[in-house]
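# Predicted model follows, preceded by the sequence.
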Amino acid sequence: MLDKGTIELPIPVTPKRLKYYSSTAQTTAIMRHNLKWAKTGKGSPRFQFFYLMLPCACNQRCRGCFMGQDKSKLPKELDGPFFNDRDLQAICGFAKKHGAQAAVHSGGGELFTWPGAFDYIERIAGFGLRMMVFTNGTLLTPADIKRLNELEVALTVSLRDTAEKPHNEIVGYPGFRKSMATIETALTEGMHLDNRLAVEIPVIQSNEGRIINDLLPVLRVLGIVPMIEEYILTSTSQTERRCAHSFAQARAFFKRLASKDAQLGIDWAPESGQRMIGEPKCRRPLFSFCVYPNGEIVNCPTDMQSHGNFRRESLTGIFYSRRFRKALSGYSLCPCSKFYTGGDEDIPPNLPQHLKES
């Protein structure tokens, strides 16, 4: 782990927000605009960013991967080609025209297993957009990171623990030191100074103490955005159930996390529906959209409500349709936005009993 004893950087007073991706006052304004537009149909929708789901392979098999890579089970919507120039022209042109600032890499694997990754990022930049990339960081060289910085990419490095042995066991690959080296190089490049460096980690039974007492203070002092996210799992897998929190445990964790931040001079309180530190309950379908390789336009990577398929109809036809406006007007929280609950009465119904137990 990074050496806390040598850090002398000032602690920020307010939480940092990851550029392009985090929710801000601008995000709230976009959501309000879109809800008004959905009712009246006057004007046009706006977006903060959009997800481009890519059918990448992966060099890790992280337990708890949202896309199912650890289970060799990927969404059928990922069964499609990489987006070609015509696809990117249509998608990026539409998104840029409607206010989007960035494309978010997501998909079934690690972007940098794909030989065309850097060419792809440069093409996105050619449309006047920037990229936010989730990566485990193990395949990036210092020269790669310098290039990403020059392209103004926001980099989120995924960890599964702050200690080498449990991290490597969870991801099934001896990559902890490589991931840490990527973070160190990104710091050297100054990506954190422009709010373009984050560390993403799911909290589970075994790592919550290290996350609260070690990782969070280090990230705050270094100026790296923490993407510490609760891991409540509905799976029947005994292994995963032993790792995951119940709602009561998640509630206690968020309160401990907020208390630690308060000691660091950062003030926030958990809210019902929250899943990630520093982020409100997730309402991404109100300010973003997600494109899969098979052409499906869906709410977000984990809420697969389809709005149409851009290979069968135009993006303008999809997003200006009554169907899409109705979806915005009737939106309610995605399943992944029900991790923190104020009390037992807020726990979503029809969940396995083990998730409700203290």
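Arrived safely, thanks for sending.
# For residue 37, give its distance to residue 95.
16 Å (Cβ to Cβ, to the nearest Å). Just so you know, the C-beta spots here come from the backbone N, C-alpha and C atoms, and that holds for glycine as well.
# Look at these two and report which has more neighbours.
Neighbour count, other Cβ atoms under 10 Å: between residue 37 and residue 95, residue 95 has more, with 25 against 18.
# Now that we're looking at that one, what pLDDT does it have?
pLDDT, the model's per-residue confidence, is 98 for residue 95.
# Excluding chain neighbours, give the residue nearest to it in space.
The shortest distance from residue 95 to any residue other than its chain neighbours is 4.9 Å, reached at residue 50 (Cβ to Cβ, 6 or more residues apart in numbering).
# element containing the one you found?
Using DSSP states H and E, the element containing residue 50 is strand 49-54.
# show me what contacts the nearest residue to residue 81 once chain neighbours are set aside?
Nearest non-adjacent residue to residue 81, counting by Cβ to Cβ, 6+ apart: residue 293, 6.0 Å away. For residue 293, the contact set (Cβ atoms under 8 Å, 6 or more residues apart in numbering) comprises 53-55, 77-83.
# Would you write a ChimeraX line that selects the buried entries of those residues?
In ChimeraX, a selection of the buried entries from the contacts of residue 293 looks like this (16 or more other Cβ atoms under 10 Å):
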select :53,54,55,77,78,80,83
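# What about the contacts of residue 293, which are in helices?
Nothing among the contacts of residue 293 maps onto helices, per DSSP state H.
# which one of the contacts of residue 293 sits closest to residue 138?
Set against residue 138, the nearest of the contacts of residue 293 by Cβ to Cβ is residue 54 (17.6 Å).
# ok, what's across the strand from the closest one?
Note on residue 54: beta-bridge partners by DSSP bridges are residue 107.
# give the contact list for it.
Here residue 54 is in contact with 82-83, 105-109, 111, 114, 293 (criterion: Cβ under 8 Å, 6+ apart).
# hmm, which of the residues you listed are the buried ones?
83, 105-109, 111, 114, 293.
# Take the residues you listed and write them to a markdown table, including distance to residue 229 and pLDDT.
A markdown table is the format used below for those (distance: Cβ to Cβ, whole Å; pLDDT from 0 to 100):
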| residue | distance to residue 229 | pLDDT |
| --- | --- | --- |
| 83 | 27 | 91 |
| 105 | 17 | 93 |
| 106 | 15 | 79 |
| 107 | 18 | 69 |
| 108 | 19 | 71 |
| 109 | 19 | 84 |
| 111 | 20 | 94 |
| 114 | 25 | 92 |
| 293 | 25 | 91 |
